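Asks: Fold the following for me, if possible:
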Amino acid sequence: MKTSIKKMAAVAGSAALLAALAACTPGASDGNSSASGGGFSYRLATQYQDWLKDLEWFPAAQKQSGVNVDLVDGGANDSYYQKLDLAMTSGDVQDAVISSYAQSQVYGAQGAFQDLAPLIKQDAPNIQKYLDSNPEYRNLVTNSSGQIFGLMAEQPKLSHVTFYRSDMYKAAGVTPGDSVNIEEFTEQLQKLKDFYGQKVPNYYPLSGRDSFLKFNYAFGAEDSIVDGKVHGAYNSGSAQDLFSPNFKKEIEWYRDLYSRGLVDPEWVNGSNTEDSWQEKMLTGKASVADDFFTRPQWFMQNGGPKNDPAYAVDVLPAFTTSDGQPGQRPTSIYQTNRVLAVSAKSNKAPQVLKFLDYLYSPDGQTTMHYGVEGQSYKLVDGKPQYTADFTTEGNKPVGTPAWNFLQERLTFPTPADDEAYQQWMDPQTKSFAPEYFNNSVKVVPTLTYTAEQLDKRTSLKAAVDPFVTAQIAQFVQGKQGMDQWNSFLDEATAKGYKDIVAIDQAAYEALQK
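Replies: Predicted structure coming up:
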């Protein structure tokens, strides 16, 4: 995603793009729309398009709204935003497109996307009502001039979880506990290492994919906004505050884990792939991981019990903090890389808003989150309850029509429904997720940036992020002494870390106005 934004910023700043966009005429049709007069075309990444095609509620929503939606394949997820840049440059765009927030603002300001604000006010009462009653969302999608160049997708309140091979815990005599702090968790890892270390070659209890810095929240070291002040280069709580003393403590903890063989060295050095991590969790070369909350069920459905009948996975409670308080994992519900914008070259904006306004209505929300009465749900005491079965519907292969209501998957940018989402889960996930989300997850602000802020921030992060990643790994691996920590912070500052924080502070303050 970072790469996509960099590419977008570079292209958007070019004279060639400006010249191409100058040719766009709002409201005109260039013949690119393949939708009929009663519909519109909708460009999104291949994976989301494939999922959306299979959803049984999608044709029902089109029928009930009276709007046909013609899906257009925008390419693979990892190159989607770059391809959208090229399409915008050439003028080869559909009626509605999914863009990043940054793209919507840059291209909107240059005249390539329509301002939806007056159209919403005139023709989309359900969307307008939602904007009026949700000022945070309204501020996110509305620029300082009152223009809305796109509507941002939302998702329910959800998070990663720490999960473990409960069969391996049991065999090793390790009790997970109903409340776990970092010290107790470390003891669990050591007991696992003592039990399996001599039996399983290359066994490391804690493993994972992507960044190994999964537990910032437990140390109080995450990036945050407290009393109006931004701490750390802000990433909705999923990064860290380098200058927090608690972050140094966290790195010292990881360093200790590494020296004792309790954390996967391939994870720390960045060589773990998703496949290699999954193989380790499936074959007993690792026992604990921290990942998306559906992962425990994934391992149970994708080979765990087939390889070992005793195979079992369970979820640890969120770690308590150093002062004994229940830990809360931060999450953002607004998705800045999923913004629906309407091409200025399209005359289909009324149809786009008609369809979206239906999805914002009570009837549309029911269709989107529950389906059709008598087919996928029934009313019990006036409230919908699923009759469709997640285990059956949620595991159908791509290309098979299904009643599926996984709201974290991109379909259209509409309000999320936490209650429906928590009801639509497999039995294992449902056994822990509602309580976990309600008690151990907190929603934090989402920041958006002007084109100038984004361009500067992107440039700074290109210098800062690789440096920080490499240095943190060296500290954890013991290749650099902790006596060099202040020098590390000084160099991060010199590369622009505090400048990023200053941009984030300005962005936050702008959203409060």
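
Asks: Which parts of the stretch 151-300 of the chain are strands?
Replies: Per DSSP state E, counting those that start in this stretch, the stretch 151-300 of the chain carries strands over the ranges 151-154, 160-165, 224-226, 229-231, 288-292.

Asks: CSV please, covering those and showing mean neighbour count and mean pLDDT.
Replies: Heads up, the C-betas are built off the backbone N, CA and C, glycines and all. Output for the strands of the stretch 151-300 of the chain, formatted as CSV (neighbours: other Cβ atoms under 10 Å; pLDDT from 0 to 100):
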stretch, mean neighbour count, mean pLDDT
strand 151-154, 22, 98
strand 160-165, 23, 98
strand 224-226, 16, 97
strand 229-231, 17, 98
strand 288-292, 21, 97
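
Asks: Indicate which one of those strands is closest to residue 128.
Replies: strand 151-154 (11.7 Å; Cβ to Cβ).

Asks: Could you point out the longest helix of this protein?
Replies: In the chain, assigned by DSSP state H, the helix with the most residues is helix 451-477.

Asks: With residue 218 as the reference, measure out to the closest residue to residue 422 other than its chain neighbours.
Replies: Residue nearest to residue 422 in three dimensions, not counting chain neighbours: residue 434, with 4.3 Å by Cβ to Cβ, 6 or more residues apart in numbering. Between residue 434 and residue 218 the computed distance is 22 Å (Cβ to Cβ, to the nearest Å).

Asks: In terms of packing, which of those two has more residues around it?
Replies: Higher neighbour count among residue 434 and residue 218: residue 218, with 24 against 16, using other Cβ atoms under 10 Å.

Asks: Just give me the neighbour total for the closest residue to that one other than its chain neighbours.
Replies: Leaving aside its sequence neighbours, residue 218 sits nearest to residue 319 (Cβ to Cβ, 6+ apart; 3.8 Å). For residue 319, the neighbour count with other Cβ under 10 Å is 22.

Asks: how close does residue 319 get to residue 113?
Replies: Distance from residue 319 to residue 113, by Cβ to Cβ: 43 Å.

Asks: for residue 167, same thing?
Replies: 53 Å.

Asks: Look at those two and report which has more neighbours.
Replies: Taking other Cβ under 10 Å, residue 167 and residue 113 do not tie; residue 113 has more neighbours (31 against 19).

Asks: got a list of what that one touches?
Replies: 99, 104, 107, 149, 150, 341, 342, 343, 344 (Cβ atoms under 8 Å, 6 or more residues apart in numbering).

Asks: now those as CSV including secondary structure?
Replies: Listed next are these as CSV, based on DSSP: H, G, I helix; E, B strand; the rest coil:
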residue, secondary structure
99, strand
104, helix
107, helix
149, coil
150, coil
341, strand
342, strand
343, strand
344, coil
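
Asks: May I see these organised as CSV, with neighbour count, distance to residue 306 and pLDDT added?
Replies: CSV is the format used below for the contacts of residue 113 (neighbours: other Cβ atoms under 10 Å; distance: Cβ to Cβ, whole Å; pLDDT from 0 to 100):
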residue, neighbour count, distance to residue 306, pLDDT
99, 31, 41, 97
104, 27, 45, 95
107, 30, 48, 94
149, 26, 49, 97
150, 26, 44, 98
341, 28, 45, 98
342, 29, 47, 98
343, 31, 48, 97
344, 22, 53, 96
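
Asks: from these, which is closest to residue 195?
Replies: Once Cβ to Cβ is applied, the member of the contacts of residue 113 that ends up nearest residue 195 is residue 99, at 50.8 Å.

Asks: I'd assumed residue 336 was in contact with the closest one.
Replies: No. At 10.2 Å, residue 99 does not count as touching residue 336 under the criterion of Cβ atoms under 8 Å.

Asks: what sits in contact with each of these two?
Replies: By Cβ under 8 Å, 6+ apart, no residue touches both residue 99 and residue 336.

Asks: can you put the strands of the stretch 151-300 of the chain in CSV and add distance to residue 305?
Replies: Formatted as CSV, those follow (distance: least, Cβ to Cβ, whole Å):
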stretch, distance to residue 305
strand 151-154, 35
strand 160-165, 12
strand 224-226, 40
strand 229-231, 43
strand 288-292, 17
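
Asks: Out of these, flag the one nearest residue 389.
Replies: Shortest distance between residue 389 and the strands of the stretch 151-300 of the chain, using Cβ to Cβ, is found for strand 288-292: 22.0 Å.

Asks: Whichever strand or helix holds residue 131 - contacts with which helices or strands?
Replies: Secondary structure assignment for residue 131, by DSSP states H and E: helix 125-133. Here helix 125-133 touches helix 117-123, helix 135-141, helix 349-360, going by 3 or more Cβ pairs under 8 Å, 6 or more residues apart in numbering; DSSP states H and E.

Asks: How far does it sit from its chain's centre?
Replies: Distance of helix 125-133 from its chain centroid, counting by Cα atoms, centre = their mean, to the nearest Å, is 24 Å.

Asks: same question, stretch 494-510
Replies: Centre to centre, stretch against its chain (Cα atoms, centre = their mean), the figure for stretch 494-510 is 22 Å.

Asks: CA atoms only: put that stretch into CSV for me.
Replies: Below are the C-alpha coordinates for stretch 494-510, written out as CSV (Å, rounded to 0.1, in the frame of the first residue of the first chain):
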residue,chain,number,x,y,z
ALA,A,494,17.8,13.5,11.4
LYS,A,495,16.1,11.4,8.7
GLY,A,496,12.8,13.1,9.5
TYR,A,497,10.9,11.0,12.0
LYS,A,498,9.8,13.9,14.1
ASP,A,499,8.8,15.8,10.9
ILE,A,500,6.4,13.0,10.1
VAL,A,501,4.9,13.3,13.6
ALA,A,502,4.5,17.1,13.0
ILE,A,503,2.6,16.4,9.8
ASP,A,504,0.4,14.0,11.6
GLN,A,505,-0.3,16.6,14.3
ALA,A,506,-1.3,19.1,11.7
ALA,A,507,-3.5,16.6,10.0
TYR,A,508,-5.2,15.7,13.3
GLU,A,509,-5.8,19.4,14.1
ALA,A,510,-7.3,20.0,10.7
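
Asks: Would you mind listing the buried residues in it?
Replies: 495-501, 503-505, 507-508, 510 (16 or more other Cβ atoms under 10 Å).

Asks: quick one, phi psi at the residue positioned nearest the centre of the chain?
Replies: For the chain, the residue nearest the mean C-alpha position is residue 335 (6.6 Å; Cα atoms, centre = their mean). Taking degrees, to the nearest 10, you get phi -110, psi 100 for the backbone angles of residue 335.
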